[in-house]
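Engineer: Task: produce atomic coordinates for the following.
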Amino acid sequence: MKTNCIYFLIIMLFSNSCITQEKDLNNLNFAENYKDLFKDKKIMTEQYDIAAKLPLAYTYETKGFRFGIVNIPENAEDQIAMNSVGTFLNNVKERKIVGIKISIEGKENCKKALDYLQSQYGNPKILKQLPNKNKEGWLVGNSAYSWDLKSVNRSLIVSQTFDLNFVESNKGKKYSQNEGITIFVIDNNIKSDVQGYTELTTKELLIKTFSS
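Structural biologist: Predicted structure coming up:
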């Protein structure tokens, strides 16, 4: 009986350890150091993200990260890495977290993420409508949505992309629909220091970019 109790305690401790290792990006404290967030992960950096015009630290090693109840998918070893988790930094010197960038690939994964966002925050503001299907019946293009998270002075902006995968054989090309989303969570007051982009806040810049 005593041995069984010991085994039970060990299992419980191991389970709790696994749970605590998960990092919920939806509750990320921006005061946290980004290197601590990505501890034991391979970190890459961009001097300025192409959309947000802010420094970005990110990783393709997504195991253990989630956004609310949505686990960030892991990348298959034999495929190009498309799923990633990143943090926007205020500038290249101070490197304080001011936002989050999450990229998710795959139709079902995207649906889970969008369903969660809508259940959590309600209906979004539509920045750009779903694209029309082309003559072959495929969606190609992008749509975008935004939520104003006033209680934490942040904004959540989602860019959704539709394209095609294809496999080529002696019978020709076989197509399938593919989807990807990028989730931006950004401090409402932050601005880029990149010349030509200093007038708008990053929130305003992203909304302007994905509305067009």
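Engineer: Could you find the closest non-adjacent residue to residue 52?
Structural biologist: Leaving out its chain neighbours, the residue that sits closest to residue 52 by C-beta to C-beta, 6 or more residues apart in numbering is residue 202, at 5.2 Å. To be clear about C-beta, it is placed using only N, CA and C from the backbone, and glycine gets the same treatment.
Engineer: List the contacts of the most centrally placed residue in the chain.
Structural biologist: With distances taken as C-alpha atoms, centre = their mean, residue 102 lies nearest the centre of the chain, 1.3 Å away. Counting by C-beta atoms under 8 Å, 6 or more residues apart in numbering, residue 102 makes contact with 25, 67, 72, 84, 85, 86, 182, 183.
Engineer: I'd assumed it was in a strand, is it?
Structural biologist: Yes: applying DSSP: H, G, I helix; E, B strand; the rest coil, one finds residue 102 inside a strand.
Engineer: per-residue pLDDT, it?
Structural biologist: At residue 102, the model reports a pLDDT of 98.
Engineer: Now residue 184: closest residue in space that isn't a chain neighbour?
Structural biologist: Nearest to residue 184 is residue 157, by C-beta to C-beta, 6+ apart, at 4.4 Å.
Engineer: which residues touch that neighbour?
Structural biologist: 127, 144, 145, 146, 147, 183, 184, 186, 203, 206, 207, 210.
Engineer: Same check on residue 74?
Structural biologist: 62, 63, 83.
Engineer: List the contacts of the first one.
Structural biologist: In other words, residue 62. Residue 62 neighbours (C-beta under 8 Å, 6+ apart): 72, 73, 74, 75, 83, 84, 85.
Engineer: May I ask you to confirm that the first one is in contact with residue 59?
Structural biologist: Put plainly, it is residue 72. No: assessed by C-beta atoms under 8 Å, residue 72 is found out of contact with residue 59, at 10.3 Å.
Engineer: ok, residue 55 - how many residues close by?
Structural biologist: 24 (other C-beta atoms under 10 Å).
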